[in-house]
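Enquirer: Next input, structure requested:
(chains A and B)
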Number of protein chains: 2
Amino acid sequence: MKKKELDLLLLPELREILDTKDYKELQEFCESAHPAVIAELISGLTCEELWTVLRNITPALRVEIFSHLDESLQVEIARALRRDELAGLLADMSHDDRADLFKKIPKSLREAVLPAMAMAEREDIRKLAAYQEGTAGAVMTSDYAALSPELTAYQAIERLRQVAPDKETIYYAYVLDRDRKLLGFVSLKDLILAKRDDRVEDIMHGEVISVRVEDDREEVAHKIQKYDLLALPVVNSEGALVGIVTYDDIQDIIEEEATEDFHRFGGLTYKTDGLDLNIREAGFLTMLKKRLPWLLALVFVNIFSGAGIAYYEKTIAAAVSLVFFLPLLIGSGGNAGSQTATLVVRAMAVGDIRMSDWLRLLGREVAVALGIGAVMGAAVYAIGIFRSGPEVAVVVAMAMVVNVLFGSLVGMSLPFLLIRLKLDPAAASAPLIASIADIAGVLIYFGLATWYLKDVIAAA
Amino acid sequence: MKKKELDLLLLPELREILDTKDYKELQEFCESAHPAVIAELISGLTCEELWTVLRNITPALRVEIFSHLDESLQVEIARALRRDELAGLLADMSHDDRADLFKKIPKSLREAVLPAMAMAEREDIRKLAAYQEGTAGAVMTSDYAALSPELTAYQAIERLRQVAPDKETIYYAYVLDRDRKLLGFVSLKDLILAKRDDRVEDIMHGEVISVRVEDDREEVAHKIQKYDLLALPVVNSEGALVGIVTYDDIQDIIEEEATEDFHRFGGLTYKTDGLDLNIREAGFLTMLKKRLPWLLALVFVNIFSGAGIAYYEKTIAAAVSLVFFLPLLIGSGGNAGSQTATLVVRAMAVGDIRMSDWLRLLGREVAVALGIGAVMGAAVYAIGIFRSGPEVAVVVAMAMVVNVLFGSLVGMSLPFLLIRLKLDPAAASAPLIASIADIAGVLIYFGLATWYLKDVIAAA
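Expert: Reported below is the predicted structural model:
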């Protein structure tokens, strides 16, 4: 609420400044808060007003604020700009941000703006934009700080001071030989703590943790997190430095990967396609395309449940009251199974468990599931006695124990099986496990009933 | 696989060094890789061997490696140490890490070790350990770098150089007045770029983004992420600086919060209690305690499905073939609903949607759900014709459309309702939505059937 009120007060003030065309005041206004705050505020303006603001402030501030705008808004602005304005904006942006924007704008616009840019920038954009989505190459930036090994600490600091405005970070600097091969790295702290005349090659850390350009971005996030790095160097197959990924980029990666797992586990998107599904922005057709496949597939899986029921139609006709417990029994098996799968899928995602843990975990899961099944079996036995008499109660209680056990073992094993098949464990989604548990539940329940109540059925 | 082989080669080498008691070589061995790597390697040793390694290397390296060990292993080592050894180790640790460890060790050990520590350290540990789990206070560290406003840039760098070894970071330094009130901050980059004689108060950023000590740690993570900060200052109610949270701590917070949401959405842990459920380490009773409540609660919810079925027993007895489609119909409603809830819950967690979006999203959800329902209705109509003739097919198709629509609207609205009730939206778990959809599905299906097939039922 507080934020909203702030915007309501500030937007009219900003519009007034725009009306008076007092661009000095505009600059001051835009400097008065963090660029992220200003970006959020001006997102409420029309596209034209927005560009009027950005055009009339200093280039450094313009690019900072622009980088904090939503991606869809960035694209909208890019499309509204003149070719040379867009070229200028791209030239000022940080290398990874501009490569990302470049990938998002329409092809015709890309072809129009490239000739207006300097050769080196064109090449840089082309290179960064060419890496496959989801790899280290696609998230890295090429504006890292590099040093020669023979510099002294004093010279190195001077060098970093000069290049600072154009670099993503100067807190880590990478030491390269003539072929840009990565020899080591020094932090600005190392340089500050060193003696003036210490040489970079003597101070630098030679055992550099790095990733290859084609490595998965999850690997990048994992390494930065594990080693508490500010930035991680990315090298090509020759060991030459091609970029770095900074700590702030992996915060978004961690969140996006968690969202992807969450969505897949919820039975959305049956495959990874690099597009995330944003419920605020996704259109009608995107939604349909993402949601229907699983739902339709599960309908066909559920036909087997129906077939199971059809097979036992005689049992059902003889004791219709059995159907009372059907949703409860198949639901419990599915719920127990998706609980287990939830734990396993998430633990796999954060690297807590590995393939080799399966057998040990399975053994314990049998014990836990039997414990849960026993308590739940007792609960439904009581309901069964009350509702349909002792014979049905026994069947219901037995079916509950077996269902919970079966569901839990499926929930435990399916993620491991998917990994073995080189698929995403999160595809062991809750709806899929529920559907499998439904089929098994029907067969277990009516199978037990047919066996245990054979006298009742024969009498019908 | 590669990692495993490495350990297999290195562990015997390390054990050999321990046997020869060549502690110079031990130091070199432990310096040869990142502390996180060494920590992982020595986790394979016995507790006694492990401490022999740590005791015989330099204190700085000891504390670095120790901080990278698993928490449970840290506690195990702490319990095995002599009182003075533990006090020494705690004294060297970073302030947030040692407060965390302190909270984890048994009370008797805490009481034993406190007198062996220096007064200032004792106070610091007590203060940090006193903050409630999940707040900014509980994740912050008190070893930040502070500067006086009247220092020159040169003096400030000199000061940071002196204090660097004891500080979590020197890349951000906080400018405090005599009452430790937070006036602003400077980055090391600002200081390096400034002229020698520029005064800190003139360079510093006065508009500091900060959090209060009692703020939620999610708020901390959100701010660091939004403003791309290396560290975020934490102030008390008087505006005095009491600590900072650094970027690397929030990476774990983002992951833990995602795990918590994932677990709750999967129908585990019905309330937040600050304990995370680790499938590798949780014992039998913890598992039961976390998993049973929801499962049992849902059994009682599902009794209403049973009651719905009992109410329509006459309809079922007249057309037993209707039961064939029951799992399929109620499953589809639940699946569609949990898809929608998945999207909403995750979007809320990352701040993509707010309370005010509900009505707009609901409107679009009706359109999407009707689209999905139409396709799925057509599919089950075909199956219905084939299996039970045109009359049942019409009922099944109608029930499918209504079920998918109802399930989707529940999935869309329940998370918003929970927020309005000040509960966690992730508690709108997939199993809960499935159970609600089950009840509605039974009533919708058999209700429609009773109405549409009244002639068939009357004839039976």
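Enquirer: low pLDDT regions in chain A?
Expert: The model of chain A has pLDDT under 70 over residues A:1-8, A:269-277, A:460.
Enquirer: Now do the strands in it.
Expert: In chain A, the segments counted as strands under DSSP state E are A:145-147, A:172-176, A:182-187, A:211-212, A:231-235, A:241-246.
Enquirer: need these in JSON lines with distance to B:Gly363 and mean neighbour count, can you?
Expert: (Each C-beta comes from the backbone N, C-alpha and C, glycine too.) Putting the strands of chain A into JSON lines (distance: least, Cβ to Cβ, whole Å; neighbours: other Cβ atoms under 10 Å in any protein chain shown) gives the following:
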{"stretch": "strand A:145-147", "distance to B:Gly363": "51", "mean neighbour count": "21"}
{"stretch": "strand A:172-176", "distance to B:Gly363": "49", "mean neighbour count": "23"}
{"stretch": "strand A:182-187", "distance to B:Gly363": "53", "mean neighbour count": "21"}
{"stretch": "strand A:211-212", "distance to B:Gly363": "45", "mean neighbour count": "18"}
{"stretch": "strand A:231-235", "distance to B:Gly363": "44", "mean neighbour count": "24"}
{"stretch": "strand A:241-246", "distance to B:Gly363": "40", "mean neighbour count": "24"}
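Enquirer: can you put the ones you listed in CSV and add distance to A:Lys21?
Expert: As requested, the strands of chain A are exported to CSV (distance: least, Cβ to Cβ, whole Å):
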stretch, distance to A:Lys21
strand A:145-147, 39
strand A:172-176, 43
strand A:182-187, 46
strand A:211-212, 49
strand A:231-235, 42
strand A:241-246, 38
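Enquirer: export the ones you listed to TSV and tack on distance to chain B?
Expert: Output for these, formatted as TSV (distance: least, Cβ to the nearest Cβ, whole Å):
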stretch	distance to chain B
strand A:145-147	11
strand A:172-176	10
strand A:182-187	9
strand A:211-212	14
strand A:231-235	11
strand A:241-246	9
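Enquirer: Of all those strands, which one comes closest to B:Leu405?
Expert: With distances scored as Cβ to Cβ, the stretch of the strands of chain A nearest to B:Leu405 is strand A:241-246 (44.2 Å).
Enquirer: Run the angle between the closest one and strand A:231-235 for me.
Expert: Relative orientation of strand A:241-246 with respect to strand A:231-235: 150 degrees, computed using axes from the mean of the first three to the mean of the last three Cα atoms, to 10 degrees.
Enquirer: relative orientation of strand A:241-246 and strand A:172-176 in degrees?
Expert: Put simply, strand A:241-246 runs at 170 degrees to strand A:172-176, going by the same axes, to 10 degrees.
Enquirer: list the helices and strands strand A:241-246 packs on?
Expert: Using 3 or more Cβ pairs under 8 Å, 6 or more residues apart in numbering or on different chains; DSSP states H and E, the elements in contact with strand A:241-246 are helix A:136-139, strand A:172-176, strand A:231-235.
Enquirer: re earlier: right, and the strands of chain A - which one's nearest A:Gly373?
Expert: Shortest separation from A:Gly373 across these is recorded for strand A:211-212, at 45.5 Å, computed as Cβ to Cβ.
Enquirer: The closest one pairs with which strands?
Expert: Strand A:211-212 has its sheet partners listed here by DSSP bridges as strand A:231-235 (parallel).
Enquirer: A:Gln155 is in contact with A:Asp198, correct?
Expert: No. Look at A:Asp198 against A:Gln155 with Cβ atoms under 8 Å: they stay out of range, at 10.5 Å.
Enquirer: For A:Ala437, find the nearest of the helices and strands packed on strand A:241-246.
Expert: helix A:136-139 (38.6 Å).
Enquirer: hmm, the closest one touching chain B?
Expert: No. Under the criterion of Cβ under 8 Å from any Cβ of the partner chain, helix A:136-139 makes no contact with chain B; the nearest approach is 14.7 Å.
Enquirer: just to revisit the earlier point, reformat the helices and strands packed on strand A:241-246 as CSV; add distance to B:Ile209.
Expert: What follows is the helices and strands packed on strand A:241-246, written out as CSV (distance: least, Cβ to Cβ, whole Å):
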stretch, distance to B:Ile209
helix A:136-139, 25
strand A:172-176, 23
strand A:231-235, 22
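Enquirer: Run a quick check on A:Met400 versus A:Gly377, I expect a contact.
Expert: Yes. The pair A:Met400 and A:Gly377 passes the contact test of Cβ under 8 Å, sitting 4.3 Å apart.
Enquirer: sorry, back to before: which among the helices and strands packed on strand A:241-246 is found nearest to A:Val75?
Expert: Ranking these by distance to A:Val75, with Cβ to Cβ as the measure, places helix A:136-139 first at 17.5 Å.
Enquirer: contacts for that closest one?
Expert: For helix A:136-139, contacts defined as Cβ atoms under 8 Å, 6 or more residues apart in numbering or on different chains pick out A:96, A:128, A:130-132, A:211-217, A:219-220, A:234, A:242-243, A:245, A:249, A:253.
Enquirer: Swap in 7 Å and give it another go.
Expert: The contact list for helix A:136-139, computed with Cβ atoms under 7 Å, 6 or more residues apart in numbering or on different chains, reads A:96, A:131-132, A:211-215, A:217, A:220, A:234, A:245, A:249, A:253.
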